[in-house]
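1. Task: produce atomic coordinates for the following.
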Amino acid sequence: MAGNTNVAAYAKAKFMMSLKMRMWRILVCSRFCVVLTLAVGSQAWATGPWDQPTAQLAAQVAEILGSGQAQLVLNNRSTIAAQELPAIRRQLEQDLRARGVATSGAESANVIRVTLSENARERLWVAEIIEGNQTQIAMVHVERGPLATPDRETGMTLQRRRVWDSAESVPASDAPVLAALETRAGLMILEQEQILILNRTPAGWHEERRSNFDMSKPLTRDSRGLLKPAADGNGFIAIVPGRECDGTYAPSVDASGQQGEWSVRCHESDDPWPVNSGPIKVSPTETAPPELHAFYNASRNFFTGVITPNQGVDVMPFYSVTALTRAAGRSALLINGLDGKVRLVESNSLKAVTGTRDWGSDFAVLNSSCGAGTQIIASGSGEAERDSLRAYELPAQEAVAVSAPLEVDGPVTALSTAPDGASVWAVVRKSAKDYEVDRVAALCQ
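-> Residues are numbered from 1 along each chain as shown. Have a look, this model is predicted:
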């Protein structure tokens, strides 16, 4: 009996050891499998910062284009770093392929042109799907990360300095501000129904006088205005629809030490507005081009398209216009049509300008020592609580961003080039009754 008991005990011990070994193998395998599954799963489900927008954009493109082939062109007009672009392109190609759209070479008849753009408020990715003569648009809004520094190749940043705020004016003025100008004699603020003239004191700007337009009929709701310096560098010319005012300054000193005396005379006028009154760079062997004028449609708040002297090409009605210097000192006009498209009037021809989808309705030219020497300062597109300004260059027919967006405290309602050309005046609507005037300049690094 004792032998049988020993055999039974041995068999039981061997069985228990075998069972423990099997349980150990199962446990080790389970842990390994869990780790392996988590590792593989983390790779399968990991999402990069661009996965969601590329998937959304690919879905819209596939819905428009259907299955087939297309050439993919990627343009970066944002502060997204260049090293991020291969990953964005690769992810976009994968998302398109998953939806039946294969990317091919230049031989494809279909083109998907994707532009990565941004302003101070948001990023916007726009895809132009071109099939023969037909172009359709798809777009997605992308969550905005922190603003990047400007490209090292340009080394340009925009800086702004607040010059005047309507809330600080005494007496306070809540009228819309149409334009601003500083001459040697003071600061002019063009409001909807009057002109404010201020002179500089140690305590800041002091209001010298206010001159009403004495309009026979009120201006339109979205009225426009223009200020330009007089030939003597002291006075000014103010233009609003149907009215023109001349401000002259006579230097003098009275017993109280007050310097100068202003005289403002206004009269009715339907004359065309000057559109290239700012400084234009020309080569030493060339003379400055003649001043151009454009006819303004006072009842509809835009220019009719008629420019004098004639530019040798028919121009459609437009909202804003500025003159700039091109290669070899040639002058040109940059216009923003009522359709929101920017075009270039140059050498008796009208050319489309790309890379301006994020531009607002206003822009102005800045002459600096950065980059090409001439930049276009454009506001952001759309209405928002905050806006932005950004510098662009136009080496050919494509606007290229050369600075990061500069945030301002509200929508930009007007931009104009300062008389010296080295800065830009920006009118910002901070609230319904508060306007701010900023001077924007370029800092080259």
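
2. I'd assumed Ile189 was in contact with Leu196.
-> Yes: counting by CB atoms under 8 Å, Ile189 is a contact partner of Leu196 at 4.1 Å. All C-beta atoms are positioned from the backbone trio N, CA, C, and that covers glycine.

3. For Arg429, list each beta-bridge partner.
-> Taking DSSP bridges, one finds Tyr435 as the beta-bridge partners of Arg429.

4. Make residue 1 into 11 and carry on from there
-> That works, and once the first residue is 11, the last one we named lands at Arg439.

5. does it really touch Tyr445, like I thought?
-> Yes: contact between Arg439 and Tyr445 holds when scored by CB under 8 Å: they sit 5.7 Å apart.

6. okay, and the common contacts of those two?
-> Counting by CB atoms under 8 Å, 6 or more residues apart in numbering, the contacts common to Arg439 and Tyr445 are Pro186, Val187, Thr423.

7. Tell me, how many residues neighbour the last one?
-> For Thr423, the neighbour count with other CB atoms under 10 Å is 21.

8. Would you quantify the distance from it to Arg439?
-> From Thr423 across to Arg439, the span is 5 Å (CB to CB, to the nearest Å).

9. Please identify every residue contacting each of the two.
-> Residues touching both Thr423 and Arg439 comprise Pro186, Val187, Tyr445, with contact defined as CB under 8 Å, 6+ apart.

10. How about the contacts made by the first one?
-> So the one you mean is Pro186. Shown here is Pro186, whose contacts under the criterion CB under 8 Å, 6+ apart are Glu201, Gln202, Ser233, Thr423, Arg439, Tyr445.

11. Between those residues, identify the one with the most neighbours.
-> Of all these, the most densely surrounded is Tyr445 (27 neighbours; neighbours counted as other CB under 10 Å).

12. can you pull the pLDDT of it?
-> As summarised for this prediction, Tyr445 has a pLDDT of 93.

13. In this structure it contacts Val187, no?
-> Yes: with contact taken as CB under 8 Å, Tyr445 and Val187 are classed as touching, separated by 4.0 Å.

14. Helices along this structure, start to end?
-> Counting by DSSP state H, the segments of the chain that form helices are 12-55, 61-75, 95-108.

15. Could you tell me the least trusted of those helices?
-> helix 12-55 (a mean of 44).

16. wait, which of the contacts of Pro186 is closest to Ser221?
-> Taking CB to CB as the measure, Glu201 is the one of the contacts of Pro186 closest to Ser221, at 10.3 Å.

17. can you pull up the bridge partners for the closest one?
-> Following DSSP bridges, Glu201 is listed with bridge partners Val187.

18. Contacts only, for it.
-> Glu201 makes contacts with Ser183, Ala185, Pro186, Val187, Leu188, as judged by CB under 8 Å, 6+ apart.

19. nearest to Arg172, of those?
-> For the contacts of Glu201, the nearest to Arg172 is Val187 (13.2 Å; CB to CB).

20. how close does Asp430 sit to Leu376?
-> Where Leu376 is concerned, Asp430 sits at a distance of 11 Å (CB to CB).

21. between those two, which one's more packed in?
-> For Asp430 versus Leu376, neighbours defined as other CB under 10 Å are more numerous around Leu376 (25 against 11).

22. Next, count neighbours for the closest residue to that one other than its chain neighbours.
-> Ranked by CB to CB, 6 or more residues apart in numbering and with sequence neighbours excluded, the top spatial neighbour of Leu376 is Gln385, at 4.8 Å. Burial measure for Gln385: 26 neighbouring residues, criterion other CB under 10 Å.

23. and what of the one 5 residues further on?
-> Applying the criterion other CB under 10 Å, we find 24 residues in the vicinity of Gly390.

24. Bridged to it, which residues?
-> Trp369.

25. Was I right to think it contacts Pro415?
-> Yes: here Gly390 lies in contact with Pro415, judged by CB under 8 Å, at a distance of 7.2 Å.

26. got the domain boundaries for this structure?
-> For the chain, the domain assignment from automatic domain parsing gives the residue ranges 61-152, 166-454.

27. re earlier: right, and the pair among the contacts of Glu201 with maximum separation?
-> Farthest-apart pair in the contacts of Glu201 is Ser183 and Leu188; separation 12.5 Å (CB to CB).

28. So, low pLDDT: which residues of the stretch 61-210 of the chain?
-> 92-93, 116-117, 129-132, 154-164, 180-182 (pLDDT under 70).

29. Do a quick rundown of the strands in it.
-> All strands of the stretch 61-210 of the chain, identified by DSSP state E, counting those that start in this stretch, fall at 78-87, 111-114, 120-128, 133-141, 144-152, 166-175, 187-193, 196-201, 204-211.

30. out of these, nearest to Thr335?
-> Go through the strands of the stretch 61-210 of the chain one by one with CB to CB and the one that ends up closest to Thr335 is strand 166-175, at 17.5 Å.

31. any residues touching the closest one, and which ones?
-> 159-160, 190, 192, 197, 199, 208, 215, 378, 380-381, 385, 387, 399-401, 412-414, 416, 418, 436, 440, 444-455.

32. Can you select the buried ones among those residues for me in ChimeraX?
-> Only the buried entries of these go into this ChimeraX selection, using 16 or more other CB atoms under 10 Å:
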select :160,190,192,197,199,208,215,378,380,381,385,387,399,400,401,412,413,414,416,418,436,440,444,445,446,447,448,449,450,451,452
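
33. Hmm, Ala382 is touching Ala401, no?
-> No: contact criterion CB under 8 Å: Ala382 and Ala401 do not qualify, at 10.6 Å.

34. you'd agree Cys380 is up against Gly165?
-> Yes: using CB under 8 Å as the test, Cys380 is close enough to Gly165 to be in contact (6.9 Å).

35. Find the residues that touch each one of these two.
-> Taking CB under 8 Å, 6+ apart as the contact criterion, the residues that touch both Cys380 and Gly165 are Cys454.

36. ok, back up a step: show me which of the contacts of Glu201 are buried.
-> For the contacts of Glu201, a burial check counting by 16+ other CB under 10 Å picks out Ser183, Pro186, Val187, Leu188.
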